[in-house]
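Chemist: Predicted model and sequence follow; I will ask about them next.
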Amino acid sequence: MNSVLHYKGYSAKPEYSADDQIFYGKVLGISDLVDFYTENAKKIESEFHQAVDDYIAFCKEIGKEPQRAYSGSFNVRISPELHKQASIRAQNDGVSLNKVVDAALREYLDQEKERYVIVAPKEIVESFALSTTSRQDTGKQNYSNPGYCSGYFYNVKKEGSKIC
């Protein structure tokens, strides 16, 4: 069940107030307050649409550009040391810090997806030309890309696609 409404690039998650006996919500992701409410659950989506349309019309009337949710740009506050380490690593890897954050967020959001373990003979896995190194702590093999251990091919994202 998806309880988030979408319309013209705006989103809202309606709620119910038992005290007031109304359904209500506000547009998410913008600092302007655009809210809506109704006593009838069947009208909540149309009330949301009307609130968005009214907001866009009001902005036009006063000569203001309507805010857009989620422009793709945001500030991240992290420790200076983490910033330094990430920046140096990104430079060494030849990627921008934006690409690093993008990849980290995709990995974070991808955690809910199903993970698979594929069993394959060692020869098949080796045909993927994966690089190997020995792990000091366990003696098991470590692969920098999805790889195998003892003839098994793994695609597990929990450890950043590094598997023993």
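Modeler: Great, that's in hand. Numbering: from 1, shown residues only.
Chemist: buried stuff in the helix or strand in which residue 90 is found?
Modeler: Element membership of residue 90, judged by DSSP states H and E, is helix 80-93. Of all the residues in helix 80-93, those buried under the rule 16 or more other Cβ atoms under 10 Å are 86, 90. Yep, even glycine has a C-beta here, placed from its N, CA and C like the rest.
Chemist: Check stretch 20-39 too.
Modeler: 23, 24, 25, 26, 27, 30, 34, 36, 37, 38.
Chemist: and the first one, that's in a strand?
Modeler: Yes: in this structure, residue 23 lies within a strand as judged by DSSP: H, G, I helix; E, B strand; the rest coil.
Chemist: gap between it and residue 82?
Modeler: Computed as Cβ to Cβ, to the nearest Å, the residue 23 to residue 82 distance reads 42 Å.
Chemist: before we move on, what about the fifth one?
Modeler: Applying Cβ to Cβ, one obtains 33 Å for the distance of residue 27 from residue 82.
Chemist: In the protein, where is pLDDT below threshold?
Modeler: Within the chain, the segments meeting pLDDT under 70 span 1, 112-120, 122-123, 125-164.
Chemist: 50 instead, please
Modeler: 129-164 (pLDDT under 50).
Chemist: Run through the neighbouring helices and strands of the longest helix anywhere in it.
Modeler: Identified as the longest helix of the chain according to DSSP state H is helix 44-62. If contacts are counted by 3 or more Cβ pairs under 8 Å, 6 or more residues apart in numbering; DSSP states H and E, helix 44-62 sits against strand 5-7, strand 22-28, strand 35-38.
Chemist: Name the residues of that helix that come out as buried.
Modeler: Across helix 44-62, burial judged by 16+ other Cβ under 10 Å covers 44, 45, 47, 48, 49, 51, 52, 55.
Chemist: For the residue nearest to the fifth one when sequence neighbours are not counted, give me its contacts.
Modeler: With Cβ to Cβ, 6 or more residues apart in numbering as the criterion, residue 49 has its nearest non-adjacent residue at 5.2 Å, and that residue is residue 7. With contacts defined as Cβ atoms under 8 Å, 6 or more residues apart in numbering, residue 7 is in contact with 48, 49, 52.
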